[in-house]
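# return atomic coordinates for the entry below.
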Amino acid sequence: MAVTKADEAYARLRREIVTGAIDAETSLDESELMRRFELGRTPVREALKRLALEQFVVWPARRTPYVRTIGAGDLARLYEARLILEEHTTSAAAERASDRELDELDDILRNYVDRIAHNQVYEAVELDHELHYAVARASHNRYLAEAVRSLNCGSLRLWFVAHDRLGMSGTDADHRSIVDAIRRHDKDGAAAAAREHVHESYRRQLRLHGSDRLR
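As a prediction, this is how the structure comes out:
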C-alpha cells in the first residue's frame, strides 16, 4: 500500500509527540506544522484528526489542537483501567487465539527484542503497543480490542519516557510470559502474566513520577 502525504504527516507527528520532541500541552498550529514537515495543509489536518481520535491530541471545538498530557496524579486510575482491560483480554486471547494470531505475536515479540538490542527506544515502544493490540485482537472481541488500543495510545509517551530513562533491559521478559501463556491456551496463566506486567509497568512509572499505589 502506497504511503500518502497524510500517512507521512501522521507518522512524523506521532513520533515527535511520543518522544517529547513536541512538549505536552503544546499547541499544534497547522501553519507551523506545514513548515516543520514541509507538507500541505490537507495532510497535516488529516494527521491531526487521526491523532485526536487516538488520544494523542486534544482538539476542542473551534480551538487549536494541543498535545494531550497525562499527569502524575492520573497514573493510578490509568493503570487501574489497564489492569481491568488487559487481564480480561489476555485471558480471552489464551482461549481464542488462532495459530495465525499466535505466529503474529511471536513475530512482533521477536522484532521488539531486536529493537531493544539496538537501543531503538521509539521503535520498541511502538512494537510494545502493537503487541498489546495484537493480544487484544486475539480475544476476538473488537470492543475490548479498540479500548486497549485507545488507552495504550494515550500511554505511549509515558512508556517512552520510562524506557528512555530507566532502560529497556528485561522488559521483554513480561511480554514473553504473556505470549507463552497464550500459546499454551492457559487462561489463568495469561491473566496472571498480564497482571504482573501491568504492575511492573506501573512500578516503573512510580520510580519516575511519584509514590501513589495501584489498588
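# output the below-cut-off pLDDT ranges for the chain.
Scanning the chain with the threshold set as pLDDT under 70 gives 1, 72, 210-215.
# domain ranges for it?
As assigned by automatic domain parsing, the chain contains the domains 5-67, 72-209.
# tell me how far the last one lies from the chain's centre.
Chain-centre distance of domain 72-209: 8 Å, with Cα atoms, centre = their mean, to the nearest Å.
# what are the ranges of the helices in this structure?
Here the chain has its helices, by DSSP state H, at 5-19, 30-37, 41-53, 75-96, 99-117, 121-137, 142-153, 156-166, 171-183, 187-209.
# and these: which comes nearest W59?
With Cβ to Cβ as the criterion, W59 lies closest to helix 41-53 of the helices of the chain, at 4.4 Å. From N, CA and C alone the C-beta is placed, and that goes for glycine too.
# summarise which helices and strands the closest one is packed against.
If contacts are counted by 3 or more Cβ pairs under 8 Å, 6 or more residues apart in numbering; DSSP states H and E, helix 41-53 sits against helix 5-19, helix 30-37, strand 57-58.
# nearest to E123, out of those?
helix 5-19 (9.6 Å).
# distance from the chain centre to that closest one, please.
For helix 5-19, the distance from its own C-alpha centre to the chain's C-alpha centre is 14 Å (Cα atoms, centre = their mean).
# so what touches it?
21-22, 28, 33, 37, 39-40, 42-44, 46-48, 50-51, 56-57, 67, 121-122, 125-126, 156-157, 160 (Cβ atoms under 8 Å, 6 or more residues apart in numbering).
# so that helix versus helix 30-37, what angle?
90 degrees (axes from the mean of the first three to the mean of the last three Cα atoms, to 10 degrees).
# in helix 5-19, what counts as buried?
Using 16 or more other Cβ atoms under 10 Å as the test for burial, helix 5-19 gives A6, A9, Y10, R12, L13, R14, R15, E16, I17, V18, T19.
# before we move on, back to that, how about the helices and strands packed on helix 41-53 in TSV, adding distance to R82?
Below are the helices and strands packed on helix 41-53 laid out as TSV (distance: least, Cβ to Cβ, whole Å):
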stretch	distance to R82
helix 5-19	17
helix 30-37	30
strand 57-58	20
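# so how far is D23 from P65?
P65 sits 14 Å away from D23 when distances are taken as Cβ to Cβ, to the nearest Å.
# higher neighbour count, these two?
More crowded of P65 and D23, by other Cβ atoms under 10 Å: P65, with 21 against 11.
# gap between stretch 16-29 and the chain center?
The chain centroid and the centroid of stretch 16-29 are separated by 16 Å, computed with Cα atoms, centre = their mean.
# how long is that stretch end to end?
One end of stretch 16-29 to the other measures 14 Å (Cα to Cα, to the nearest Å).
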